[in-house]
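[1] Provided below for reference: sequence and predicted model.
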Amino acid sequence: MIMINILFYLFVFLGLGFFIYLILAYWVSKKRDRMITQMEKVYTSDKFNKCPHCGVLNPLEAEICEFCKKELPHKAHQKPLQDLPSPSPVPPEESTQGEIQSAESPVSSTPSPTGKVPVPASENPQLEKFPFNRAWPLPNSTVLITMISIYVLVIVGYAFLIGIYTMGKAGVKQLEEVSRKTAKRQAEKEASRYVAPSASTVKPRQYSAPVKAQSPTPVSTPTPLVLTGSAEEQITQLMLHLESKDWNTAIQAKKMLISKGKPAADALATEIDHPDIRIRTHVISALGEIGAPESAPYLIDTLDNEDSLTVIQSAYALGNIKSADVVDELIAILKHPDWRVRHAAVLSLEKQDDIKALTALIPLQNDKNDKVKNAAAKAVTSLQESEKKE
């Protein structure tokens, strides 16, 4: 794709350069034509004497017009043209057009009043001074229209291909998002099928005898989740149910994900930073109950979260994953200002059963909080007994 972009931009710049050349060439050609026309007029007035009566050009040395036989005005300031034969007379019809027939004349450069004369550069200093004294070639209309059409077609084709490529990538993401939202709505619809009767619609029972004691009101059983497809598809469906607003549906999804084991842990780890604290709580607690070692890095990352509740849940969850890295991270949060975080870390370190934690737990036996103090004393005793057994 990068190579196609480079070729396209190179083509665009070359096309722009070509159009700039056309503008300059048109301007240069027009200016050159105007200068040549002006020099032709000067050349004609310098070499010939035009008859004011009939318009025929006569040599400068002639005093009488060869055609109408009338006297010509004398140009004393001009140098007469030497060895120039007299032009043959022409009929009046042709003289009105300002053309002179010079077929018999040995001088081939004899100009006419309206015709263009080849002007040698040596006799035209103005043309030599013109910086663009050479004519710039201009393409004919067919070539120009063809090149413009190709230029436009290439740009439109490139835009079309880029649009397809971009829409293809975005379309896949949109399709996935639509599928996810559809499944989520379907799960919410299934969860909302059961509607518990309200207190206003339930009529009180009439008893013939006074009731001494009543049994508690039974809690409605949530509708079981129906899963279809392969194991991966079921995990995807459960992840959608986990985000349900219905608490019973979310709890069912969480329990079923825990039963799936490590494959579900991989899917849960991707949602550990979910912005909704309710969903984040389900994810962290489920990872802790699964206890997959691969989940430890994700749980460790959440220990730096600004939300203390998230840190507490992650500390509890790490207690079920035995690892040297986990022990180090739990020891690091023993100095957390929130006593609940310290309490969770002490309980998890006790589960780790690692002697390395003794040094960090002993000072906590004097913690300001009684729960932390008691938990630390219990953990120290448990670890010391384990050390003696070893």
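    Right, received. Where do you want to start? Numbers count the residues shown, from 1 in each chain.

[2] model confidence over stretch 365-375, on average?
    Stretch 365-375 shows a mean pLDDT of 91.

[3] that one spans what distance, first to last residue?
    8 Å (Cα to Cα, to the nearest Å).

[4] over to stretch 322-336?
    21 Å.

[5] could you say which helix or strand holds the residue nearest to the spatial centre of the chain?
    With the centre of the chain defined as its mean C-alpha position, the nearest residue by Cα atoms, centre = their mean is residue 166, 8.2 Å away. Using DSSP states H and E, residue 166 sits in helix 141-191.

[6] one more: residue 58?
    Per DSSP H and E: strand 57-59 holds residue 58.

[7] so which elements touch that strand?
    When contacts are defined as 3 or more Cβ pairs under 8 Å, 6 or more residues apart in numbering; DSSP states H and E, strand 57-59 packs onto strand 48-50. (Each C-beta comes from the backbone N, C-alpha and C, glycine too.)

[8] and the strand it packs on, what does it pack against?
    strand 57-59.

[9] sheet-wise, list the partners of the strand it packs on with their directions.
    strand 48-50 (antiparallel) (DSSP bridges).

[10] pLDDT on the partner strand, on average?
    pLDDT averaged over strand 48-50 gives 78.

[11] now it, how far from the chain's geometric center?
    73 Å (Cα atoms, centre = their mean, to the nearest Å).

[12] offset the numbering so it begins at 47, please.
    Sounds good: first residue 47 from here, last item strand 94-96.

[13] may I see the buried residues of it?
    94-96 (16 or more other Cβ atoms under 10 Å).

[14] between those, which sits nearest residue 402?
    Ranked by distance to residue 402 (Cβ to Cβ), the buried residues of strand 94-96 are led by residue 94 at 117.2 Å.

[15] the residue lying closest to the closest one once chain neighbours are set aside - how many residues pack around it?
    Counting by Cβ to Cβ, 6 or more residues apart in numbering, residue 103 is the residue found nearest to residue 94 once chain neighbours are left out, at 4.1 Å. For residue 103, the count of nearby residues is 22 (other Cβ atoms under 10 Å).

[16] which residues does residue 103 bridge with?
    Applying DSSP bridges to residue 103 gives these bridge partners: residue 96.

[17] which residues of the stretch 147-296 of the chain score low on pLDDT?
    In the predicted model of the stretch 147-296 of the chain, residues 147-182, 214-218, 236-269 satisfy pLDDT under 70.

[18] just after the strand or helix carrying residue 310, pick out the following helix or strand.
    Assigned by DSSP H and E, residue 310 belongs to helix 308-315. As assigned by DSSP H and E, the chain's next helix or strand after helix 308-315 is helix 323-336.

[19] buried ones in the next helix or strand after that following helix?
    As assigned by DSSP H and E, the chain's next helix or strand after helix 323-336 is helix 342-347. For helix 342-347, a neighbour-count test (16+ other Cβ under 10 Å) marks 342, 344-346 as buried.

[20] hang on, the earlier thing: need the mean per-residue confidence for the strand holding residue 104.
    79.

[21] residue contacts, residue 98?
    When contacts are counted by Cβ atoms under 8 Å, 6 or more residues apart in numbering, residue 98 touches 118-119.

[22] any idea how many residues pack against residue 325?
    Residues near residue 325, counting by other Cβ under 10 Å: 18.

[23] give me the pLDDT for it.
    So, for residue 325, pLDDT stands at 87.

[24] once you drop chain neighbours, what's closest to it?
    Spatially, and ignoring its direct neighbours in sequence, residue 325 is nearest to residue 289 (5.5 Å; Cβ to Cβ, 6+ apart).

[25] also residue 312?
    residue 340 (7.1 Å).

[26] my read is that that neighbour contacts residue 310, right?
    No - with contacts counted by Cβ atoms under 8 Å, residue 340 stays clear of residue 310, the gap being 11.8 Å.

[27] identify the residues contacting stretch 186-201?
    By Cβ under 8 Å, 6+ apart, stretch 186-201 touches 54, 57-58, 61, 64, 68, 185.

[28] so what are the domain limits for this protein?
    Annotated domains of the chain cover 59-175, 309-435 [automatic domain parsing].

[29] from the chain's centroid, how far away is the last one?
    So the one you mean is domain 309-435. 42 Å.

[30] got the end-to-end distance for it?
    Using Cα to Cα, the two ends of domain 309-435 sit 37 Å apart.

[31] hang on, the earlier thing: test my guess that the residue nearest to residue 325 contacts residue 296.
    Yes - between residue 289 and residue 296 a contact is recorded at 7.4 Å, counting by Cβ under 8 Å.
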